[in-house]
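Q: I would like the atomic coordinates for the input below:
(one chain, ligands or ions: 2)
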Amino acid sequence: MRQAHFQISSPDPGPQPRAGILLPVPLAGAYDYKLPRGAIAARGTLVEAQLGSRQMLGVVWGAAEGTVGDNRLKTAEPLADAPVLPKGLCDFIDWVADYTLNPPGAILAMALRSRGAFEPEARRIAYVVSGVVPPKLSAARRQALDVASDGLARSVPGLAEDANVSSAVVRGLIQSGALMPTELPEFTPFRAPEANFAAPILNDDQAQAAAALRGAVAANKFSAHLLDGVTGSGKTEVYFEAVAAALATGKQALILLPEIALTVQFLERFAARFGTRPAEWHSDLSQKERRRVYRAVMNGEAKVVVGARSALFLPFASLGLIAVDEEHEQAFKQQDGAIYHARDMAVVRARIEQCPVVLASATPSLESFVNATNGRYAHLKLTSRHGVAAMPSVKLIDLRQERDAIDAEQRAQWLSPPLRDALTQTLVAGEQAMLFLNRRGYAPLTLCEACGHKLTCPHCSAWLVEHRYRRRLACHQCSFEIPAPTACPACNAGGTLIACGPGVERVAEEFAQFFPGARYAIASSDTLHGPAETQGAIRAMAKREIDVLIGTQIVAKGHHFPQLTLVGVVDADLGGSDGDVRARERTFQLLHQVSGRAGRAEKPGLVLLQTRNPEDAVMQALARGDRDGFYEQERQYREASAAPPFGRLAAIIVSGPDGDAVRHVARELGKAAPAARDVKVWGPTPAFYALLRGQTRERLLVQAARGIDIQAYLKAWLKLVKAPSAVRVTVDVDPVSFF
Ligand code: ADP
Ligand code: ZN
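A: Numbering: from 1, shown residues only. Ligands and ions are numbered 1, 2, ... in the order given. Next comes the predicted model:
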């Protein structure tokens with residue numbers, strides 16, 4: 001137990017003070033504790049508190065509420081010398097908990113995810129020259145003292161290494177008094193990024209957008225901005241100007257990136273602009289680095305944090321700007337544990353901190369687009385690529401017309417003649433191409449020709465995906481894998497299993513048949529290939545060691561290959577029709593992003609989309625390059641169907657290992673749904689993955705008019721049904737996926 005800093009001095013001590021303490025566990029709310037006499041119980045004060053038999057960190061959240069006797073309350077001990085969690089963070093935690101219907105303690109747990117962050121900083125002992133000249137001055141000693149005379153404090157091994165002497169020599173100097181000890185902080189301090197280190201010369205569009213953002217930062221109050229610019233238009237350069245403005249006023253800035261975009265390249269780009277790397281925050285940090293960043297954010301030393309969604313819960317001392325890059329990305333929605341959308345919550349945090357938020361994308365979410373067109377957000381537009389690059393031309397290949405050609409040749413199943421012709425021309429011209437298919441592995445389904453049996457995962461309602469190179473079948477929802485069988489497991493017939501449909505490996509196989517000499521590689525976000533192989537493929541493409549990159553959505557975003565002039569989308573219809581309100585938007589966003597890889601330098605780009613629905617509005621908009629037309633149509637469609645953002649949705653997912661128990665609770669919930677005007681409840685129905693990692697899953701969907709307090713409705717409803725402990729009831733407010 002830590003030492004508490006309080007005094008017991010009053011002659012008549014009276015009752016101990018009390019406070020509501022929030023603990024980082026999913027309980028209903030704050031619990032009452034006693035505090036030591038004289039303790040200051042400000043909101044945000046960190047305490048040690050006991051819950052059951054566990055000792056844990058807690059936070060003073062508000063006044064105590066109960067009236068139980070003193071003897072029934074435990075005492076929480078304030079941490080000695082610990083900082084207080086900033087008020088903005090505490091208010092944010094409450095807001096997120098209320099909105100997402102998560103227990104506030106579950107949200108607090110995300111904000112305290114840095115073990116030991118509040119413990120006093122450890123000290124390191126290092127040595128500096130004292131001025132005392134030792135009696136015996138050997139050559140080695142002289143050498144060590146020479147190096148140490150620069151005044152830098154060094155550890156024993158550090159000085160030994162720098163001076164190229166043994167540790168014994170250094171210790172001898174310490175003993176003789178020639179070196180004296182000094183204390184260094186445990187953590188290397190963060191260098192401050194320099195606002196004007198290497199500012200670019202902006203073009204007119206960029207300058208206008210940057211001026212608006214600088215003004216917003218200077219205004220010191222909440223404002224929201226959609227930075228809406230085509231791929232390669234310089235959105236990053238523009239929001240960097242806003243970061244520079246925040247730095248100039250001494251405030252902190254937070255840049256949120258979807259996890260996939262959080263790369264060394266981005267950190268280096270930041271360093272090139274600001275002279276030093278920013279602080280990073282994501283799931284790959286070591287405990288120690290986590291502690292270092294957390295403390296530096298809280299004491300204001302870390303001026304800029306670049307992070308994944310969880311960085312939103314850091315204790316910023318003085319936040320002056322939040323930027324959300326690729327704001328339309330689904331990766332911002334956390335689906336496990338506490339479900340929340342980091343882009344939406346970034347806007348909330350900015351409002352609480354009274355600072356601007358900028359959302360950047362070439363293909364904004366419809367929500368942000370509507371907010372920008374109706375004036376709730378400022379709409380900053382960058383309409384052309386920076387420099388000479390033009391937008392690529394997009395053409396549709398009607399697979400229905402090409403079917404005869406494809407069948408006649410037998411060999412060709414996935415690459416139509418027009419796409420092959422374009423590939424030939426690109427390779428002849430010495431340029432690069434990319435083939436895109438958003439499906440990992442060789443084939444998504446393996447089927448027995450004799451009995452019709454489909455190979456599925458025993459733990460998930462999902463097909464097993466063939467990975468031919470590794471001769472395995474794998475479930476993409478869990479870690480289940482088997483060696484590819486030679487006989488059907490259902491009817492035992494041999495040689496009857498056939499691969500149905502293509503994955504990237506199969507497209508690559510066909511490509512190699514047609515272009516035997518071409519150099520190509522597969523890049524796939526695949527646990528079976530591994531991130532190293534994927535990075536290798538991307539590097540090979542950048543260095544022009546290969547001509548064709550065949551990949552899944554991992555190649556769709558961010559990469560800049562100047563010689564890439566052709567993008568072929570093998571199946572543009574994938575994922576277009578699964579009844580999800582955002583399916584069209586997502587298809588558009590993904591294909592637009594993929595298309596954006598072509599022709600990013602001087603040479604013009606061509607994008608070919610293979611589709612069976614060339615009349616479809618999404619395909620038409622892509623072919624015409626009519627992004628705004630697509631958004632307008634999508635807006636009308638959503639408005640007509642009262643879909644978000646014109647109506648509200650919430651999903652309830654009931655899950656557990658016992659199917660009958662799950663279905664029972666789901667049915668009870670369905671029956672208990674209160675009748676309310678402008679609220680509709682659908683379900684329960686089995687979820688898309690009715691079985692996922694061994695859990696049976698049922699879903700209910702609530703659709704409500706915009707003005708409805710959907711949280712109040714859900715709270716009242718969920719109270720009516722008690723689920724046994726083996727059945728989980730999860731709420732997803734504003735769901736973005738419907739699996
Ligand atoms: P976006 O984020 O919109 O895709 P980027 O900010 O990545 O665009 O810019 C695309 C490329 O153009 C980058 O290499 C960037 O450094 C360069 N660029 C953009 N604007 C400028 C500018 N004003 N001066 C110099 N280079 C620029
Ligand atoms: Zn599985």
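Q: count of neighbours near G517?
A: 7 (other Cβ atoms under 10 Å). The C-beta positions use only the backbone N, C-alpha and C, and glycine is treated the same way.
Q: in the stretch 301-450 of the chain, which spans are helices?
A: Counting by DSSP state H, counting those that start in this stretch, the stretch 301-450 of the chain has helices at residues 342-353, 366-373, 399-408, 417-428.
Q: elements contacting the shortest one?
A: Think helix 366-373. Packing contacts for helix 366-373, counted by 3 or more Cβ pairs under 8 Å, 6 or more residues apart in numbering; DSSP states H and E, involve strand 223-229, strand 378-382, helix 627-640.
Q: and G88, its phi and psi?
A: The phi/psi pair for G88 (degrees, to the nearest 10) reads phi -60, psi -40.
Q: which ones are touching it?
A: When contacts are counted by Cβ atoms under 8 Å, 6 or more residues apart in numbering, G88 touches F316, L319, R349, I352, E353.
Q: and the two most separated of those residues?
A: The span of the contacts of G88, defined through Cβ to Cβ, is set by F316 and I352 at 10.6 Å.
Q: from ligand 2, how far out is R624?
A: From R624 across to ligand 2, the span is 41 Å (Cβ to the ion, to the nearest Å).
Q: ignore what I typed, I meant A690.
A: 12 Å.
Q: one more: T100?
A: 27 Å.
Q: isn't that residue right up against T730?
A: No - counting by Cβ atoms under 8 Å, T730 is not a contact partner of T100; they are 10.6 Å apart.
Q: find residues that contact each of the two.
A: Contacts common to T100 and T730, judged by Cβ under 8 Å, 6+ apart, are I339.
Q: higher neighbour count, those two?
A: Shown here are T100 and T730; by other Cβ under 10 Å, T100 has more neighbours (23 against 18).
Q: nearest spatial neighbour of that one, skipping sequence neighbours?
A: Take T100 and drop its neighbours on the chain: the residue closest to it by Cβ to Cβ, 6 or more residues apart in numbering is Y340, 5.0 Å away.
Q: got a list of what the one you found touches?
A: Contacts of Y340 by Cβ under 8 Å, 6+ apart are V96, Y99, T100, N102, K333, Q334.
Q: ok so, going back, want to throw the helices of the stretch 301-450 of the chain into JSON lines with distance to ligand 1, mean pLDDT and mean neighbour count?
A: Listed next are the helices of the stretch 301-450 of the chain as JSON lines, based on distance: least, Cβ to the nearest ligand atom, whole Å; pLDDT from 0 to 100; neighbours: other Cβ atoms under 10 Å:
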{"stretch": "helix 342-353", "distance to ligand 1": "16", "mean pLDDT": "98", "mean neighbour count": "22"}
{"stretch": "helix 366-373", "distance to ligand 1": "16", "mean pLDDT": "96", "mean neighbour count": "22"}
{"stretch": "helix 399-408", "distance to ligand 1": "31", "mean pLDDT": "71", "mean neighbour count": "13"}
{"stretch": "helix 417-428", "distance to ligand 1": "23", "mean pLDDT": "95", "mean neighbour count": "17"}
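Q: and the stretch 201-350 of the chain, which residues reach ligand 1?
A: I201, L202, N203, Q206, G229, T231, G232, S233, G234, K235, T236, E237 (Cβ under 6 Å from any ligand atom).
Q: in space, what's closest to the second one - neighbours in sequence excluded?
A: Nearest residue to L202 in three dimensions, chain neighbours excluded: A210, at 5.8 Å (Cβ to Cβ, 6+ apart).
Q: can I assume that neighbour is in contact with E241?
A: Yes - here A210 lies in contact with E241, judged by Cβ under 8 Å, at a distance of 3.8 Å.
Q: so what sits against both of these two?
A: Counting by Cβ under 8 Å, 6+ apart, the contacts common to A210 and E241 are L202.
Q: which helices and strands does the longest helix anywhere in the chain pack with?
A: If you go by DSSP state H, the chain has its longest helix at helix 204-219. With contacts defined as 3+ Cβ pairs under 8 Å, 6+ apart, the secondary structure elements packing on helix 204-219 are strand 223-229, helix 235-248, strand 356-361, strand 378-382.
Q: mind listing what's buried in that helix?
A: Residues of helix 204-219 classed as buried: D205, Q206, A209, A210, A212, L213, R214, A216, V217 (neighbour count, 16 or more other Cβ atoms under 10 Å).
Q: got it, and stretch 684-693?
A: Residues P684, P686, A687, F688, Y689, A690, L691, L692, R693 are the ones in stretch 684-693 that count as buried (16+ other Cβ under 10 Å).
Q: so who does the second one touch?
A: Residues near P686 by Cβ under 8 Å, 6+ apart: R697, E698, R699.
Q: one more: the last one?
A: Shown in contact with R693 (Cβ under 8 Å, 6+ apart): H459, C460, Q477, C478.
Q: pretty sure the third one is touching W463, no?
A: No - counting by Cβ under 8 Å, Q477 sits too far from W463 to count as a contact (10.0 Å).
Q: list residues touching both of the two?
A: Both Q477 and W463 are in contact with C457, where contact means Cβ under 8 Å, 6+ apart.
Q: do you know how far C460 is from R470?
A: Separation of C460 from R470 (Cβ to Cβ, to the nearest Å): 20 Å.
Q: assign the closest residue to ligand 1 within the stretch 1-150 of the chain to helix, strand or coil.
A: Across the stretch 1-150 of the chain, no residue is closer to ligand 1 than F92, which sits at 27.5 Å (Cβ to the nearest ligand atom). Following DSSP: H, G, I helix; E, B strand; the rest coil, the label given to F92 is helix.
Q: tell me, how many residues neighbour it?
A: Around F92 there are 22 residues (other Cβ under 10 Å).
Q: hang on, isn't it packed against V347?
A: No - if you go by Cβ under 8 Å, F92 and V347 don't touch, sitting 11.4 Å apart.
Q: quick one, strands of the stretch 401-550 of the chain?
A: For the stretch 401-550 of the chain, the strands defined by DSSP state E, counting those that start in this stretch cover 432-436, 445-448, 465-467, 472-474, 481-483, 497-500, 520-523, 548-551.
Q: from the chain's centroid, how far away is stretch 255-273?
A: Offset of stretch 255-273 from its chain centre (Cα atoms, centre = their mean, to the nearest Å): 13 Å.
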